[in-house]
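1. My questions concern the predicted model and sequence given below.
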Amino acid sequence: MAGPYEARKITAAIERVKRPVNFLWNILIGKEIEEVVQEIEIHSKDNGRVRAAFVGPMSNGILIERDGFAVERYKPPFISLKIPATAESAYKQQFGEGIYVTGKKDLNKILKKQVAEDLKTLKAITHRTKIWALSQLVMTGVFPMGNGKEGIKYGDFALKVLTGADRFSDTNSDIIGWLSNQKLEVQKNTGNVVDTVIVTPDVARSIINNKLLMEKIRILNDTLINLKPKEKEPGVSYIGYIPEIDTKIYSYMDWVKEYGKPTEEPILPDGTLLYFKAKSFRVNYGSFPFREKITDRAKIFVGKEAVKTVPSSEGNTDLLEIRSSPLIIPEDAQGWIAAKVI
């Protein structure tokens with residue numbers, strides 16, 4: 001008799017599991033494409049010119065990037081995550097061995113609930129992994145692979161660092177003037193028109209306390225600046241809209257913890273500003289060989305995530321494994337600004 005974790009059923013079920021709501025992912029990602037091939041051809045641009053991907057190995061903790069013009073197709077990395085298959089263990093127990101139910105229907109209800117919880121856990125961790133990878137890409141121009149030891153560089157990207165009176169922490173800094181210049185630079189180089197700013201909370205406070213902005217608001221009565229901060233969801237606030245440069249500003253803060261490490265790290269470091277065109281990144285999911293059972297012949301799985309049970313290394317317990325092969329690709333490698341502004 002089939003157990004509670006039949007591969008086809010749980011793979012179909014995880015598609016229906018709601019992933020964690022995440023503002024950064026939703027506002028940056030425009031498309032999610034399921035490929036029928038394992039290697040994906042990258043058609044990202046760099047300053048409007050199509051070029052191949054860059055591939056970079058990690059050496060002594062420092063990312064060493066080498067030009068890779070010959071590389072036109074790239075195999076996405078795997079997210080491979082395993083958790084204990086708790087319902088599988090319960091299913092294998094006989095009645096009276098630690099499970100107290102009145103009948104088979106009650107047991108099935110308990111098992112289905114546990115399967116749902118397990119799938120929700122897998123979905124949440126997998127999605128947070130993708131959000132972390134997206135944050136690394138927008139901050140460095142490199143999509144991380146190989147547990148951070150390798151990466152794909154899409155073009156010549158550099159984090160901008162403001163100094164002196166240009167820093168947003170200077171209450172007299174010309175924030176609108178700086179944003180206007182960045183918008184023009186991106187449009188000139190790529191043709192993209194950036195329209196969204198995301199900042200960390202410390203930067204948001206500097207914007208709200210900026211004397212030049214407050215003076216303009218007083219004089220112009222919201223004609224050119226409309227700053228009305230309000231919380232949208234936990235960790236996300238709408239700061240305001242600047243009609244002069246047709247730009248919405250949001251504050252965002254979230255954390256992620258690497259498995260096995262005691263402390264969390266912010267998705268975006270303090271002092272960060274991102275300026276981009278909404279929905280200007282996409283995710284391509286590569287296909288991969290997939291066995292529903294160890295004894296089956298491998299078949300090609302096409303989709304975002306596949307789930308199955310696998311035996312643990314000691315062989316006496318089962319693990320629930322999810323596999324996904326995402327590759328995040330920007331519309332243009334020069335199509336956004338990442339800056340440390342305070």
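-> Received, thanks.

2. Alpha carbons of stretch 152-166, as PDB, please.
-> As requested, the backbone C-alpha atoms of stretch 152-166 are provided in PDB (Å, rounded to 0.1, in the frame of the first residue of the first chain):
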ATOM      1  CA  ILE A 152      27.400  33.700 -12.900                       C
ATOM      2  CA  LYS A 153      28.300  37.300 -13.600                       C
ATOM      3  CA  TYR A 154      26.000  38.900 -16.200                       C
ATOM      4  CA  GLY A 155      28.000  42.000 -16.900                       C
ATOM      5  CA  ASP A 156      30.100  44.800 -15.500                       C
ATOM      6  CA  PHE A 157      28.300  45.800 -12.300                       C
ATOM      7  CA  ALA A 158      29.600  47.800  -9.400                       C
ATOM      8  CA  LEU A 159      28.000  48.800  -6.100                       C
ATOM      9  CA  LYS A 160      27.900  52.600  -5.800                       C
ATOM     10  CA  VAL A 161      29.200  54.000  -2.500                       C
ATOM     11  CA  LEU A 162      28.200  57.600  -1.600                       C
ATOM     12  CA  THR A 163      30.600  59.800   0.400                       C
ATOM     13  CA  GLY A 164      30.700  63.200   2.000                       C
ATOM     14  CA  ALA A 165      27.800  65.500   1.400                       C
ATOM     15  CA  ASP A 166      26.200  63.100  -1.100                       C
END
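
3. For that stretch, buried residues please.
-> Applying a neighbour-count criterion of 16 or more other Cβ atoms under 10 Å, the buried positions in stretch 152-166 are 152-155, 157, 162, 166. From N, CA and C alone the C-beta is placed, and that goes for glycine too.

4. Would you mind listing the buried residues in stretch 234-244?
-> By neighbour count, with 16+ other Cβ under 10 Å as the criterion, the buried positions of stretch 234-244 are 235-237, 239-242.

5. How about stretch 117-128?
-> Within stretch 117-128, the residues that count as buried by 16+ other Cβ under 10 Å are 118-119, 121-123, 125-128.

6. now swap in stretch 255-274 and tell me
-> Within stretch 255-274, the residues that qualify as buried are 267-268, 271-274, counting by 16+ other Cβ under 10 Å.
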